[in-house]
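Please work out how this folds:
(one chain, ligands or ions: 2)
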Amino acid sequence: MVVLLKKNPDPNQVDNLVAWLRGQNLQVHMSEGTTQTIMGLIGDTTSIDIDLLKALDIVEDVKRIQEPYKNANRKFHPADTVIEVGGVKIGGGNFAIAAGPCSVESEEQICLVAGLVKASGAKLLRGGAFKPRTSPYAFQGMREEGIRLLLEAKEKTGLPIVTEIMDLSHLPLFENVDVIQVGARNMQNFELLKALGHTDKPILLKRGLSSTIQELLMSAEYIMAGGNERVMLCERGIRTFETATRNTLDLSCIPVLKSLTHLPVIIDPSHATGVAKLVPPMAMAAVAAGADGLIIEVHNDPPHAACDGQQSLTPQAFDELVQGIEKLRPYAYRY
Ligand code: PEP
Ligand code: MN
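Numbering: from 1, shown residues only. Ligands and ions are numbered 1, 2, ... in the order given. All right, here's what the predicted structure looks like:
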């Protein structure tokens, strides 16, 4: 339920209303916009008498929210969420690119790629330390050592780091990680999502391989319900009948998500296409459609990458892409 307040409401009456609502076992989420203040109510609102609320002096209107996601809902929080991490802003008109290898492979590799993507204009460094691989015999990532090397690359370049968590028990290792990624395969690991809801880290939540947009938003809701509102949603391609690409990039999720939620929307054209030469056109398309950011795999030597070399850009191809994006950005669709 949302309660729209009249302009310049009497603060004492607002406090009384909030106290009364909390007394009804409801959480009250205040969203103060430039023109209107909105109270989002979370909990069982079935016993709330809408007419009684509407009759209050300070109340303009009351509406029930049909969607099962509340904190993530734009009706609760009309203004775009802006996520700030290590001096980088994402959302609300702020655009940022995270780039780096699929996996951290060595100190030389991650520091080299970090320096190159930074020089091209990346604002965050990505790199997998814990890798979710289809085969148990494939490279599983450098794990704890991989996080240590990412922190070293961060120290050298100043780039905040994004890396994936696969298991709740690893959370202490992520203490100095700037953005925690929840991979597609863990989008519905609800215990993991709940635990991340109790951290103060920005979360990059990837859409599951076969998940709907509403399921993605419900997973964001799990994190937000715990108190962590710094969630970025990432479209990384979904499973369809098409086999020419690794996945099918659902770019229409950008306008759909923009209308449903205030959270930033990040596009991953690397995992979505699975083919390096398809990454630049789809990255440009995502920018044109108004994405808040991109996450792109870049490797210094793609043919010899431990993981996902076929979809990794060379540092030079990445540099050319960023130049194109910078030219395109002023014409990107604005919501
Ligand atoms: C990754 O970012 O390297 C990754 C494994 O992504 P996804 O979870 O989207 O497959
Ligand atoms: Mn990858």
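
Going by C-alpha atoms from here, please, whenever you check contacts or count neighbours.
Will do.

tell me the mean pLDDT over stretch 110-129?
Mean pLDDT, computed over stretch 110-129, is 98.

buried set for it?
Across stretch 110-129, burial judged by 16 or more other C-alpha atoms under 10 Å covers 110-118, 120-129.

And the residue positioned nearest the centre of the chain, its phi and psi?
With distances taken as C-alpha atoms, centre = their mean, Met232 lies nearest the centre of the chain, 1.5 Å away. Backbone torsions of Met232, given as degrees, to the nearest 10, read phi -110, psi 140.

which residues does it bridge with?
Counting by DSSP bridges, Met232 is bridged to Leu204.

State the distance from it to Pro202.
Per C-alpha to C-alpha, to the nearest Å, Met232 is found 7 Å from Pro202.

Over to Glu221?
Going from Glu221 to Pro202 by C-alpha to C-alpha gives 14 Å.

likewise Gly91?
Distance, Gly91 to Pro202, using C-alpha to C-alpha: 13 Å.

mind listing what the one residue in the stretch 151-300 of the chain that gets nearest to ligand 1 touches?
Closest contact between the stretch 151-300 of the chain and ligand 1, by C-alpha to the nearest ligand atom, is at Gly183 (3.3 Å). Shown in contact with Gly183 (C-alpha atoms under 8 Å, 6 or more residues apart in numbering): Glu164, Ile165, Met166, Leu205, Lys206, Arg207, Gly208.

same thing with Asn94?
Val82, Asp292.

likewise the one 3 residues further on?
For Ile97, the contacting residues are Gly121, Ala122, Lys123, Leu124, Gly293, Leu294, Ile295, Ile296, by C-alpha under 8 Å, 6+ apart.

The third one touches Gly158, doesn't it?
No - under the criterion of C-alpha atoms under 8 Å, Lys123 makes no contact with Gly158, lying 9.3 Å away.

got a list of contacts for the helix or strand containing Ile266?
Applying DSSP states H and E as the criterion places Ile266 in strand 265-267. Residues outside strand 265-267 that contact it (C-alpha under 8 Å, 6+ apart): 91, 232-236, 254, 257-258, 283, 286, 291-295.

what about the closest residue to Ala289 other than its chain neighbours, neighbour count?
In space, Ala289 comes closest to Tyr333 once its chain neighbours are excluded; the distance is 5.4 Å by C-alpha to C-alpha, 6 or more residues apart in numbering. Look at Tyr333: counted by other C-alpha atoms under 10 Å, it has 13 neighbours.

ok, the spatially closest residue to Met282 that is not a sequence neighbour - contacts?
Spatially, and ignoring its direct neighbours in sequence, Met282 is nearest to Pro269 (6.0 Å; C-alpha to C-alpha, 6+ apart). By C-alpha under 8 Å, 6+ apart, Pro269 lies in contact with Arg236, Gly237, Leu249, Leu278, Val279, Pro280, Met282, Ala283, Leu294, Ile295, Ile296.

What pLDDT is listed against Pro269?
98.

same deal with Ala195?
On the pLDDT scale, Ala195 is placed at 98.

quick one: common contacting residues for Gly91 and Pro202?
Residues touching both Gly91 and Pro202 (C-alpha under 8 Å, 6+ apart) are Ile83.

Quick check: Ala99 is in a strand.
Yes - the assignment for Ala99 (DSSP: H, G, I helix; E, B strand; the rest coil) places it in a strand.

Let's verify the closest residue to it other than its chain neighbours: helix, strand, or coil?
Spatially, and ignoring its direct neighbours in sequence, Ala99 is nearest to Ile296 (4.8 Å; C-alpha to C-alpha, 6+ apart). Classification of Ile296 using three-state DSSP returns strand.

Any chance you could list what contacts the helix or strand hosting Ile223?
Assigned by DSSP H and E, Ile223 belongs to helix 213-225. Outside of helix 213-225, the residues within contact range by C-alpha under 8 Å, 6+ apart are 68-72, 187-188, 190, 193-198, 205-208, 229-231, 233, 253, 257.

Buried subset of the residues you listed, written for ChimeraX?
This is the ChimeraX syntax for the buried subset of those, where burial follows 16+ other C-alpha under 10 Å:
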select :69,70,71,72,187,188,193,194,196,197,205,206,207,208,229,230,231,233,253,257
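
just the contacts of helix 213-225 that are near ligand 1?
Intersecting the contacts of helix 213-225 with the contacts of ligand 1 gives Lys206 (criterion: C-alpha under 6 Å from any ligand atom).

Could you pull out the helices in the stretch 1-150 of the chain for me?
11-23, 50-54, 107-120, 143-157 (DSSP state H, counting those that start in this stretch).

So which of the ones you listed is nearest ligand 1?
With C-alpha to the nearest ligand atom, the closest approach to ligand 1 among the helices of the stretch 1-150 of the chain belongs to helix 143-157: 13.3 Å.

Which elements pack onto that closest one?
Under the contact criterion of 3 or more C-alpha pairs under 8 Å, 6 or more residues apart in numbering; DSSP states H and E, helix 143-157 touches helix 107-120, strand 161-165.

by how many degrees do the longest one and strand 161-165 diverge?
Pointing back at helix 107-120 there. On the basis of axes from the mean of the first three to the mean of the last three C-alpha atoms, to 10 degrees, helix 107-120 is oriented at 130 degrees to strand 161-165.

Good, we can wrap up now.
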